[in-house]
Every structure is written in structure tokens, then in C-alpha cells.
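Enquirer: below are the sequence and a predicted model for it; my questions follow.
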Amino acid sequence: MFQQLSFVLLASTLLLSACGDLTTSNPSGSNTSGATAIASPTTGGSSTSSGSTSTNGFPASVKSIALEANKTFEVKGNLDQGETITDLTWASNSSVACFPATQNNNFKAKHSLFHTALPPRSIMKIKLIPDDTSGAAMSLYAYQIGTTNYSVVPKLSSAVTCEADHIKDRPVVGKVEDGTRSVELNATTNPYNAVIGVSGAEGASGGYTLQITLEQ
């Protein structure tokens, strides 16, 4: 009888120990995936990302960024790795209305493209910070399209919204020209695909950081 009782107590102890291991494993909830193109949040709500993947219907050259509400993500990029887009007529098309043809010179550099999701009732704030502001100025644009639409410039016939920021022809009162650019996208009742583009004046090159905040 004493030996049977000892065996039961030992088995119970082992069972409790095993349960304890299950409940305490991976307490941080960290993602160990090796996919470097998708930004993953870290403690403090910021992250860094680089690389290229193909998701949904976007081409692999359009890098994917995964965002979370009310967190700021940082994405590193290099304009030298972008693609040349000589046809800028899409931008001045009235169905896109991103920037007028008079500003085409600010988008003559290579274009680096990213895509992400814009949920309903959200505001996406995007900021471009060049690594070096001594060269040709960089430019930023972003557009939102339907969730089953994967149009990529220059083959963009229409957009719900397209916003752009570039160096101004003349100084703006109260604004210091520091090379940074900012745009915002808004969604009310419907979700959208959002595409972010980095370009610049002819000769613009080098690294940059995108800071993206999704407010809900």
C-alpha cells in the first residue's frame, strides 16, 4: 500500500510539472519566423524590416509590411535597389491625382514600392527620413485601392486616394526643409490595400527609413 501511494504521488508531481512547462513556455509571444520583409512588433511598439516577399497579388518587387494598430514601425530601404519608372502619366491622371505633371522632376529617381493593409476606421501616417540629405531630394507617395486590386505604378488607372510629398519649389513659411516627407491615408467604413512609394529628384539615391503608424 505504501509503495502504491508513493507511485501515485510521484505521478501527480510529474503531471503538475509538465502542465507548468506548458503554461510558461514562450511568455513573450515572440515570432521566430525568418521572413525579413514583414515588419514584426517588438516591445515598445516599434520594429525594423528589410527584404522582399510576394503576398496576395502584388509582385515580389513590392515589399510587404505587416502593421499593428497604434504602433509605429520602421522599415529600412535603399533607393538604389528600386526600379526605374519613366512613365509618370498615371500620377496626373484625374482618376489618381497624385501629383501634377509639373512636379514630375521630383520623381525621376528609381522607385521603391511597399504594400500593406489599411483597415476600416484607421489613419495611416507615413514619414520618409533619408539617411543623407546632402544629395538630391527624396520624395514620398502613397495610394489606397480596393482589397482585390493589386495595381502597381505605372499601371495604375485609378485610386481611391493618392497623396504625395516632395521638396517645394519655394520655401514654406514655418517649415524647415530637412529632407523628410510625410503623407497620410484614411479609411472610414471599408478596408483597402495601401501602396507606398519612395522616389526622388533625378540623382536621388542611398538609404532611407520609413516610419509608419497605424492609428485606430
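Expert: Great, that's in hand.

Enquirer: quickly note the distance from the residue nearest to the spatial centre of the chain to residue 193.
Expert: In the chain, the residue lying closest to the centroid (CA atoms, centre = their mean) is residue 65, at 4.2 Å. With distances taken as CB to CB, to the nearest Å, residue 65 is found 12 Å from residue 193. C-beta: built from backbone N, CA, C; applies to glycine.

Enquirer: mutual contacts of the two, please.
Expert: With contacts taken as CB atoms under 8 Å, 6 or more residues apart in numbering, residue 65 and residue 193 have 115, 116 as neighbours in common.

Enquirer: hmm, back to that, I'd say the residue nearest to the centre of the chain and residue 212 touch.
Expert: Yes. With contact defined as CB atoms under 8 Å, residue 65 counts as touching residue 212 (6.8 Å).

Enquirer: any residues in contact with both of the two?
Expert: Joint contacts of residue 65 and residue 212 (CB under 8 Å, 6+ apart) are 39, 73, 75, 116, 196.

Enquirer: in strands only, show me those residues.
Expert: 73, 75, 116, 196 (DSSP state E).

Enquirer: do a quick rundown of the strands in this structure.
Expert: Using DSSP E, strands in the chain cover 63-64, 72-78, 112-118, 122-130, 138-145, 161-165, 181-187, 192-200, 207-215.

Enquirer: quick one: which of these is nearest residue 97?
Expert: Residue 97 lies closest to strand 161-165 among those, at 6.2 Å (CB to CB).

Enquirer: give me the below-cutoff pLDDT ranges for the protein.
Expert: Counting by pLDDT under 70, the chain has low-confidence residues at 1-56, 172.
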